[in-house]
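> My questions concern the predicted model and sequence given below.
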Amino acid sequence: MFNLILFGPPGSGKGTQSEKLIAKYGLKHLSTGDLLRSEIAGHTALGIEAKKMMDKGQLVPDEVVIGMISSALDANPQSKGFLFDGFPRTVAQAEALDELLKQKGTQINAMISLLVSEEELIKRLINRGLTSGRSDDINEEVIRARIAEYRNKTSVVADYYKQFDKLAAIEGEGTIDEIFDALQKEIEVHMEA
Ligand code: B4P
């Protein structure tokens, strides 16, 4: 199996690049943002609670997202590997993911972090808010709160993988194809390792 984490702040291109990566490598895409939005669309109890946090730009509680990832891993026993997008976002989530994968006899092969300036993130998310209908993209204050959550709780997750020599970082500004090329080069290094 090949298991990859695509990492970066909100708006860094994780969702955008994930679509291209799953098409190329046949990995199963697990996006906690997408899973949460589908709970919201289904008006489930989990979705109603999650929406309150997401609309404020805050992270949803660890046990909620860990539970969703655990179910998704169980539901895809034949997968040749997973692409984790937007997960893990805290060290507790990273530790839980390691344990879940260990139980399945596998592990994370690499985390690739997309580097994008704060100014560019805000520009992209405001732009997406014009067409996406996503309530967390419309208000600049909420976007800034999401970036602050990333700085305070999520950026340390990169150090967690760095200690195991699994972290790589690439430039996340440029055209979508340029970034996709850089990602493929990095992935191929880790696939051969
Ligand atoms: P996510 O759905 O993960 O959303 P995101 O981080 O905002 O988006 P992403 O980074 O994938 O967007 P992309 O750059 O592709 O999270 C939403 C919320 O869910 C969180 O705030 C949190 O509340 C909750 N949540 C999710 N996972 C959680 C977890 N594990 N724990 C707790 N809470 C969790 O796209 C951005 C825009 O940039 C797009 O319009 C795109 O077209 C554009 N773009 C992309 N690449 C570009 C490029 N190279 N140049 C120009 N524009 C580009």
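Received the coordinates, thanks.
> Could you pull out the helices in the chain for me?
Using DSSP state H, the helices of the chain run over 14-25, 32-41, 45-54, 62-74, 91-103, 118-132, 135-138, 140-149, 156-162, 176-192.
> Relative to K80, which of those helices is closest?
helix 14-25 (8.3 Å; C-beta to C-beta). (Glycine included, C-beta is placed from N, CA and C.)
> which other helices and strands contact that closest one?
Helix 14-25 sits against strand 4-7, strand 28-31, strand 82-85, helix 176-192, with contacts defined as 3 or more C-beta pairs under 8 Å, 6 or more residues apart in numbering; DSSP states H and E.
> pLDDT averaged over the third one, what's the number?
Predicted confidence along strand 82-85 averages 98 (mean pLDDT).
> Quick check: can you name the pairing partners of it and their directions?
strand 4-7 (parallel), strand 28-31 (parallel) (DSSP bridges).
> quick one: buried residues of stretch 50-58?
In terms of neighbour count (16 or more other C-beta atoms under 10 Å), stretch 50-58 has its buried residues at 50-51, 53-54, 57-58.
> Could you do stretch 37-53 as well?
Neighbour-count burial for stretch 37-53 [16+ other C-beta under 10 Å]: 37, 39-40, 46-47, 50-51, 53.
> show me the residues around Y161 that make contact.
5, 94, 108, 111, 167 (C-beta atoms under 8 Å, 6 or more residues apart in numbering).
> again, but for E186
110, 112, 168, 170.
> With I66 instead?
With C-beta under 8 Å, 6+ apart, I66 has these contacts: 92-93, 96-97, 100.
> ok and the residue in this structure nearest the ligand?
Nearest residue of the chain to the ligand (C-beta to the nearest ligand atom) works out as G33 at 1.7 Å.
> shouldn't that residue be in contact with D85?
Yes. Taking contacts as C-beta atoms under 8 Å, G33 lies within contact range of D85: 7.5 Å.
> list residues touching both of the two?
In contact with both G33 and D85: G15, using C-beta under 8 Å, 6+ apart.
> circling back: using a markdown table, lay out the buried residues of stretch 37-53 together with distance to I69 and pLDDT.
Shown next, in a markdown table, are those (distance: C-beta to C-beta, whole Å; pLDDT from 0 to 100):
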| residue | distance to I69 | pLDDT |
| --- | --- | --- |
| R37 | 15 | 96 |
| E39 | 13 | 97 |
| I40 | 17 | 97 |
| L46 | 13 | 96 |
| G47 | 16 | 96 |
| A50 | 14 | 97 |
| K51 | 19 | 97 |
| M53 | 17 | 97 |
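> Go through these and name the one nearest Q184.
R37 (27.5 Å).
> which other residues reach the helix or strand bottoming out on mean pLDDT in the chain?
Least confident helix or strand of the chain, by mean pLDDT, DSSP states H and E, is helix 135-138 with a mean of 90. Here helix 135-138 makes contact (C-beta under 8 Å, 6+ apart) with 51, 54-55, 57, 125-126, 128-129, 142-143, 146.
> how about the residues of the protein that lie near the ligand?
10-16, 32-33, 36, 53-54, 58-60, 65, 86-87, 89, 93, 124, 127-128, 136, 146, 176, 179 (C-beta under 6 Å from any ligand atom).
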